[in-house]
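Q: Below are the sequence and a predicted model for it; my questions follow.
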Amino acid sequence: MKKRQLIVAGNWKMNKNYEEGRDLAKDIVERLQPSQVIVILATPFIHLNSISNIIKGVSNLKLGAQNCHQEESGAYTGEVSSGMLKSVGVDYVIVGHSERREYFEESDALLAKKVNIVLEKGMTPIFCCGEKLEVREANQHLELVENQIKNALFHLLPEEFEKIVIAYEPVWAIGTGKTASPEQAQEMHLYIRNLLAKQYGEELAQATTILYGGSVNAGNAKDLFQQADVDGGLVGGASLKAEDFVMIVNSF
Ligand code: 13P
């Protein structure tokens, strides 16, 4: 067993109405076996309060949000603050998902602010990084991910950084059914861990959880999770079916 925390997080994205969300969460609670794996449900905002109650009492099941605003509060119509998330029992916030970078033009500088406010509220950012296909084809994926991490995270002090979870999600593998090979995932995860070691030291780098995301499913999770530097997954489509999601959780 690896020393660092093993995590499987389900990113529901913009799926499930209120009743469907409650049903899915209840189904997951029923199927989940006690284990050392932290399981996170990162749901749309409307579900957070009710699902917080459904998962209460399952110690390894945690609530996540998919985004938050970078300011404390104020005139930001349509936005949700980190303090609001905390107040309904959220422990983890996804920051910098590639869909937010792409469709909402979130920059590294903005993500650095979001990381800060999530940490200030005592929650854990799940910081996403990953390259598009053309970047990988140009063999610049390592450099791109390095810059994403440096720009959004390396202002943190070690005692702040130790609370961060990183998710490597190659954009070409998201929702495409084309997952990174275990070797491709391991190569990047090791590269990230070495980068963290240079900045924060070996001990902190070894203790950092680095998740893989991009077409993870019940069939490929085991091979991915067996890689030395892959500490779990950030799962999109396959997190919307309780049976598949719990099979992924059981894949370590
Ligand atoms: P898929 O698992 O649907 O490819 O999505 C991955 C993802 O974006 C998780 O955040």
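A: Looks like it came in fine. Residues are numbered from 1 along each chain as shown.
Q: how far away is F225 from the ligand?
A: For F225, the distance to the ligand (C-beta to the nearest ligand atom, to the nearest Å) stands at 14 Å. Every residue, glycine included, has its C-beta placed from N, CA and C.
Q: doesn't M247 make contact with that residue?
A: No - using C-beta atoms under 8 Å, F225 is not in contact with M247, being 11.9 Å away.
Q: Mind checking which of the two has more residues around it?
A: Each of F225 and M247 has its neighbours counted (other C-beta atoms under 10 Å); F225 has more, 23 against 17.
Q: Check the gap between that one and A180 for me.
A: Separation of F225 from A180 (C-beta to C-beta, to the nearest Å) stands at 13 Å.
Q: Show me the common contact partners of the two, please.
A: Contact with both F225 and A180 is made by no residue, according to C-beta atoms under 8 Å, 6 or more residues apart in numbering.
Q: Torsion angles phi and psi at P125?
A: phi -70, psi 140 (degrees, to the nearest 10).
Q: my guess is it contacts D91, does it?
A: No - the criterion here is C-beta under 8 Å, and P125 misses it with D91 at 10.9 Å.
Q: So if I had to pick from these two, which one is more boxed in?
A: A count of neighbours by other C-beta under 10 Å puts P125 above the other of P125 and D91, at 28 against 16.
Q: For the more buried one, name its beta-bridge partners.
A: V93 (DSSP bridges).
Q: helix/strand/coil for S35?
A: Three-state call for S35 (DSSP: H, G, I helix; E, B strand; the rest coil): coil.
Q: how about the nearest residue to the one residue in the chain that gets nearest to the ligand, chain neighbours excluded?
A: Nearest residue of the chain to the ligand: G236, at 2.2 Å (C-beta to the nearest ligand atom). Nearest residue to G236, sequence neighbours excluded (C-beta to C-beta, 6 or more residues apart in numbering): N11, at 5.2 Å.
Q: contacting residues for E131?
A: Q140, H141, L144, V145, P170, V171, W172.
Q: From start to finish, how long is stretch 214-231 in a straight line?
A: 14 Å (C-alpha to C-alpha, to the nearest Å).
Q: So which residues on the stretch 1-150 of the chain come close to the ligand?
A: Proximity of the stretch 1-150 of the chain to the ligand (C-beta under 6 Å from any ligand atom) is limited to residues N11, H97.
Q: Show me which of the contacts of E131 are buried.
A: The neighbour-count test (16 or more other C-beta atoms under 10 Å) marks H141, L144, V145, P170, V171, W172 as buried among the contacts of E131.
Q: doesn't K132 make contact with the last one?
A: Yes - the pair formed by W172 and K132 meets the contact definition of C-beta under 8 Å, at 6.5 Å.
Q: which stretches of the chain form strands?
A: 7-11, 38-42, 61-65, 92-95, 124-129, 165-168, 210-213, 232-235 (DSSP state E).
Q: out of these, deepest packed?
A: Among the strands of the chain, ranked by average contacts under mean count of other C-beta atoms under 10 Å, first place goes to strand 232-235 (a mean of 29).
Q: strands paired with that one, and their directions?
A: Strand 232-235 is paired, per DSSP bridges, with strand 7-11 (parallel), strand 210-213 (parallel).
Q: Longest helix of the protein, counting residues only.
A: helix 182-200 (DSSP state H).
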